[in-house]
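Visitor: Sequence isn't available, so here's the structure alone:
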DNA sequence: TTTTGTAACCAATATGGTATTGGTTAAGCC
DNA sequence: GGCTTAACCAATACCATATTGGTTACAAAA
């Protein structure tokens, strides 16, 4: 312990005393469940050390990974700041439609495979109902809504809320990145639109518990969607 | 159009006029890029209709999916409210360690495959440096920090910010779910810890552009980690 | 001179009061 | 009955203020 302190370049003796007091304070606080410790200005007075020494001790513990600090929030025990929320626009701002499509191509077939393994009968029934609704859609907007629902139902059928959450994130990023890209309003999807057959193949494979078939069908479907999307993207540049 | 209005149960004639005026307003606003429309109290006066009629017309457009509203925020044109942030705790609260592990097994091998395809030389150099640091870690805490860094470097090497973002979400969920589970403090990772060899195989496969090898090595590594984690989980129940 | 303690300041965040907004209800008026 | 208006509610936005970790300057002490 003493060697550690020496090696850490902690100035004089006062710094050492502050570190010992702090470690005692942490040990006492560890079994209370509370993770946030008092403000530096209070703590240094409470421990009877100067704020500079306290900060040196805190820096040691932070480098060791026992605490983490952030301006305006405070000092906390734990390995690091657990991000409580992820900003969709932060992801969407640093990417492009091609990367989104590639991510979908990587994630969604595996989700479909998992769905084929865990889908319940009611899951499958709900998907089949969505299949009918996609064909009945009167406008492109309605079609997109039902299409979104169907893909999410597949993710939900994986019965894995982590996968479902990741799908939701990916979906939100996609809607942010591609927002306002295709504006082919007015018409409705043609009756021979490739997605109809694609969707049916996916749902059928899931219903038959064909893991590889579901993944392959989803991959094929996304590749078809990608082919229709890339030309628009290149034409815009 | 007129039939639509009739079928939508929009009371008397005043409601129809409000709908027409609103549609005109939307069309005029559509090509300005602005998505938020004025507050109801202003808009109803601007259009010269009562607030009740305006709200009926807004309800029709909302049911049609052309606008969406939220208390305190306003009314916006578009299919739906794009979730700007995803709460990690929302996902973590509805799941369990097993699902997190399964999601990692599905996602991370594919990320490793992508990394083998797109990693730059500096990416690989950084990974190798992390490999050394994992062996030098003096405590389990330090080891975990470097291990986290290495896995994130692999995701970063995919050169796909969407995949990187999804990895960050998954990682945050994992750290929330497993928080405080393993408390084997004090010791340091043994020299023959399986992860050392696992990590080296993964990085080597990426460096050699062996797509399948990278994915397989990552899958094997995570399966090993899972085997060490499940017993702890079952023992707790 | 070097080190330590103190105070002051900065940028980021938290906090609380106020204003705004969609949603709802009730009364008055055709 | 329908229609209008007004008032109220809960959720959100907005803004000023307080708090916090991070930094610097300067005097006191060694």
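Guide: The structure has been received and is ready for your questions. Just so it is clear, the model here is predicted, and its values are computed rather than measured.

Visitor: hey, where'd the helices end up in chain A?
Guide: Using DSSP state H, the helices of chain A run over residues A:2-7, A:13-30, A:40-47, A:51-63, A:88-93, A:97-118, A:121-136, A:140-157, A:161-177, A:194-207, A:211-235.

Visitor: what's next to the longest one, contact-wise?
Guide: To tie it back to what came earlier, the one meant is helix A:211-235. A:97-98, A:101, A:104-105, A:108-113, A:115-117, A:154, A:178, A:181-182, A:194-195, A:198-199, A:201-202, A:205-206 (CB atoms under 8 Å, 6 or more residues apart in numbering or on different chains). All C-beta spots, glycine's among them, are computed from the backbone N, C-alpha and C.

Visitor: Any of those residues buried? List them.
Guide: Among the contacts of helix A:211-235, those buried by neighbour count (16 or more other CB atoms under 10 Å in any protein chain shown) are A:97, A:101, A:104-105, A:108-113, A:115-116, A:154, A:178, A:195, A:198-199, A:201-202, A:205-206.

Visitor: okay, now residue A:161: neighbour count?
Guide: Here the number of neighbours of residue A:161 (other CB atoms under 10 Å in any protein chain shown) works out to 21.

Visitor: For stretch A:195-213, give the mean pLDDT please.
Guide: Stretch A:195-213 carries an average pLDDT of 97.

Visitor: How about stretch A:31-46?
Guide: Summarised as a single mean, pLDDT over stretch A:31-46 is 92.

Visitor: any chance you could read off phi and psi for the closest residue to residue A:143 other than its chain neighbours?
Guide: Closest residue to residue A:143 apart from its sequence neighbours, by CB to CB, 6 or more residues apart in numbering or on different chains: residue A:137 at 3.8 Å. Torsion angles at residue A:137 (phi, psi; degrees, to the nearest 10) stand at phi -60, psi 130.

Visitor: and the gap between residue A:137 and chain B?
Guide: Distance, residue A:137 to chain B, by CB to the nearest CB, to the nearest Å: 11 Å.

Visitor: contacting residues for that residue?
Guide: Applying CB under 8 Å, 6+ apart, the residues near residue A:137 are A:143, A:146, A:188-189.

Visitor: gap between it and residue A:196?
Guide: To residue A:196, residue A:137 is 10 Å away according to CB to CB, to the nearest Å.

Visitor: shared neighbours, these two?
Guide: Common contact partners of residue A:137 and residue A:196 (CB under 8 Å, 6+ apart): residue A:189.

Visitor: how's chain A carved up into domains?
Guide: A:2-77, A:88-235 (automatic domain parsing).

Visitor: Show the pLDDT at the closest residue to residue A:70 other than its chain neighbours.
Guide: Leaving aside its chain neighbours, residue A:70 sits nearest to residue A:81 (6.3 Å; criterion: CB to CB, 6+ apart). Here the pLDDT value assigned to residue A:81 is 77.

Visitor: cool, and residue A:69?
Guide: For residue A:69, the model assigns a pLDDT of 96.

Visitor: what does residue A:140 give?
Guide: 83.

Visitor: measure stretch A:37-52 end to end?
Guide: 17 Å (CA to CA, to the nearest Å).

Visitor: For that stretch, which outside residues touch it?
Guide: Residues from elsewhere that reach stretch A:37-52 (CB under 8 Å, 6+ apart): A:14, A:17-18, A:21-22, A:25-26, A:29, A:53-55, A:58, A:67, A:74-77.

Visitor: from the chain's centre, how far out does stretch A:48-66 sit?
Guide: 33 Å (CA atoms, centre = their mean, to the nearest Å).

Visitor: How about that stretch and DNA strand C, any contact?
Guide: Yes: counting by CB under 7 Å from any atom of the strand, contacts between stretch A:48-66 and DNA strand C involve A:49-53.

Visitor: Let's see the ChimeraX selection covering just the buried ones among those residues.
Guide: Here is the ChimeraX command that picks out the buried ones among the residues of stretch A:48-66 next to DNA strand C, judged by 16+ other CB under 10 Å:
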select /A:49,53
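
Visitor: I'd like the residues of stretch A:48-66 next to DNA strand C as JSON lines, with distance to residue A:33 appended.
Guide: Below are these laid out as JSON lines (distance: CB to CB, whole Å):
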{"residue": "A:49", "distance to residue A:33": "26"}
{"residue": "A:50", "distance to residue A:33": "30"}
{"residue": "A:51", "distance to residue A:33": "27"}
{"residue": "A:52", "distance to residue A:33": "30"}
{"residue": "A:53", "distance to residue A:33": "28"}
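
Visitor: Considering only the residues of stretch A:48-66 next to DNA strand C, which also neighbour DNA strand D?
Guide: A:51-52.

Visitor: Just put the residues of stretch A:48-66 next to DNA strand C in JSON lines and tack on pLDDT and distance to residue B:164.
Guide: As requested, those are arranged in JSON lines below (pLDDT from 0 to 100; distance: CB to CB, whole Å):
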{"residue": "A:49", "pLDDT": "93", "distance to residue B:164": "42"}
{"residue": "A:50", "pLDDT": "94", "distance to residue B:164": "42"}
{"residue": "A:51", "pLDDT": "95", "distance to residue B:164": "38"}
{"residue": "A:52", "pLDDT": "95", "distance to residue B:164": "39"}
{"residue": "A:53", "pLDDT": "95", "distance to residue B:164": "40"}
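
Visitor: and which of the residues of stretch A:48-66 next to DNA strand C is nearest to chain B?
Guide: residue A:53 (23.9 Å; CB to the nearest CB).

Visitor: And for the closest residue to the closest one other than its chain neighbours, the neighbour number?
Guide: Once flanking residues are discounted, residue A:53 sits nearest to residue A:18: 4.0 Å by CB to CB, 6+ apart. Residue A:18 has 26 neighbours, counted by other CB under 10 Å.

Visitor: tell me the contacts of residue A:18?
Guide: So residue A:18 contacts A:47, A:49-50, A:53-54, A:56-57 (CB under 8 Å, 6+ apart).
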